[in-house]
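Engineer: Any chance you can model this:
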Amino acid sequence: MLQRHLWKLVFHVVVLGMAFFLYFFDIARLDFTSMLQEGFGGIFLWVVWGTFVVGMLLRIFPNRKIAVGARKHFQCTYKGAEFDAADTADTARMMKLLNRGALVSALAWLACSVAFFFALFLIGKLASAAILVLTLIYSVIDLVFILFFCPFRVLFLKNHCCTVCRIYNWDYFMMCAPLIFFPSFFSISLFLLSLIVLLRWEMALRKNPHFFAKETNENLRCDSCDDKLCKIRLRIFRA
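Structural biologist: This is a model prediction of the structure:
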């Protein structure tokens, strides 16, 4: 899984590089309000759209192609551990703290997005192309957070790794939400699908909070983890 995420990071960096190139040399090609463009611009938009759609569908339906942290809301990923009433109470308190951290994380993301929008507005560059570039920047940042350093984890959520992250499946909504300010098939379809991923996650959390805690789900413990997504981060901070 670590190697797969590294390749995903390389792919998203390449896509972002192409987006920057188009933004500075042929910005009209990034106008996602028209998905019927000819040539490279049209192909590029469909590749971006297809990449996001496939990624989100993998979050909605149970499968083993994604990290355990992104599929812990599925019944098939849950491996129950013995726990009593005291453990249940501890889990409830922990989830309360995680919910508070999630709220602060959401506010931090919102503040950054608003600041970006406002900066673009001030310089007269608030357009669909710029918002698409922002979405692709978020897609790269998401993988950097997973593999190297996540300020949400360190500052707000306080969880030890991504496997138990409270907001793991918020990523696509955070990436795609800005697109909705320029309604089109491209933006509306991605926004609605990301909203489904988010709601599916949150409903599972409220119905089965024990799926999300390593104290009650053995598959979230370090000795059961095969993803090793923290391997690079641990090497960096131990050096």
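Engineer: Tally up the residues packed near residue 96, please.
Structural biologist: Around residue 96 there are 10 other residues, counting by other C-beta atoms under 10 Å. C-betas here are computed from N, CA, C, even on glycine.
Engineer: So residue 15, which state does it fall into?
Structural biologist: helix (DSSP: H, G, I helix; E, B strand; the rest coil).
Engineer: got it, and residue 204?
Structural biologist: On the three-state scheme (three-state DSSP), residue 204 is labelled helix.
Engineer: doesn't residue 210 make contact with it?
Structural biologist: No. Using C-beta atoms under 8 Å, residue 204 makes no contact with residue 210, being 10.9 Å away.
Engineer: Give the closest residue to the one residue sitting closest to the centre of the chain in space, chain neighbours not counted.
Structural biologist: The C-alpha lying nearest the average C-alpha coordinate of the chain belongs to residue 171 (C-alpha atoms, centre = their mean; 1.9 Å). Closest residue in space to residue 171, ignoring its immediate chain neighbours: residue 142 at 4.7 Å, by C-beta to C-beta, 6 or more residues apart in numbering.
Engineer: same thing with residue 182?
Structural biologist: Spatial nearest neighbour of residue 182, chain neighbours left out: residue 128 (4.1 Å); criterion: C-beta to C-beta, 6+ apart.
Engineer: burial count for the one you found?
Structural biologist: 20.
Engineer: what do you get for the one 5 residues further on?
Structural biologist: Taking other C-beta under 10 Å as the criterion, the count of residues near residue 133 is 17.
Engineer: Would you double-check that it falls in a helix?
Structural biologist: Yes. When three-state DSSP is applied, residue 133 is found to be in a helix.
Engineer: Mind pulling up the pLDDT for it?
Structural biologist: Looking at residue 133, its pLDDT reads 96.
Engineer: One more: the one 3 residues further on?
Structural biologist: As predicted, residue 136 sits at a pLDDT of 97.
Engineer: Name the nearest residue to it, sequence neighbours excluded.
Structural biologist: residue 16 (4.6 Å).
Engineer: Please report the distance of the residue nearest to residue 182 from residue 164.
Structural biologist: Distance, residue 128 to residue 164, by C-beta to C-beta, to the nearest Å: 37 Å.
Engineer: and residue 144, what does it touch?
Structural biologist: residue 9 (C-beta atoms under 8 Å, 6 or more residues apart in numbering).
Engineer: same question but for residue 51, I mixed them up
Structural biologist: Here residue 51 is in contact with 11, 15 (C-beta under 8 Å, 6+ apart).
Engineer: Phi first, then psi, for it.
Structural biologist: For residue 51, the backbone dihedrals (degrees, to the nearest 10) come out as phi -60, psi -50.
Engineer: next one: residue 80
Structural biologist: Dihedral angles for residue 80 - degrees, to the nearest 10 - are phi -60, psi 140.
Engineer: wait, it sits on residue 215?
Structural biologist: No. In this structure, residue 80 is not within contact of residue 215 by C-beta under 8 Å, at 11.1 Å.
Engineer: and those two? which has more neighbours close in?
Structural biologist: residue 215 (16 against 11).
Engineer: Roughly how far does the residue nearest to residue 182 sit from residue 74?
Structural biologist: Taking C-beta to C-beta, one finds residue 128 at 35 Å from residue 74.
Engineer: And the residue nearest to the centre of the chain, how far from residue 152?
Structural biologist: 10 Å.
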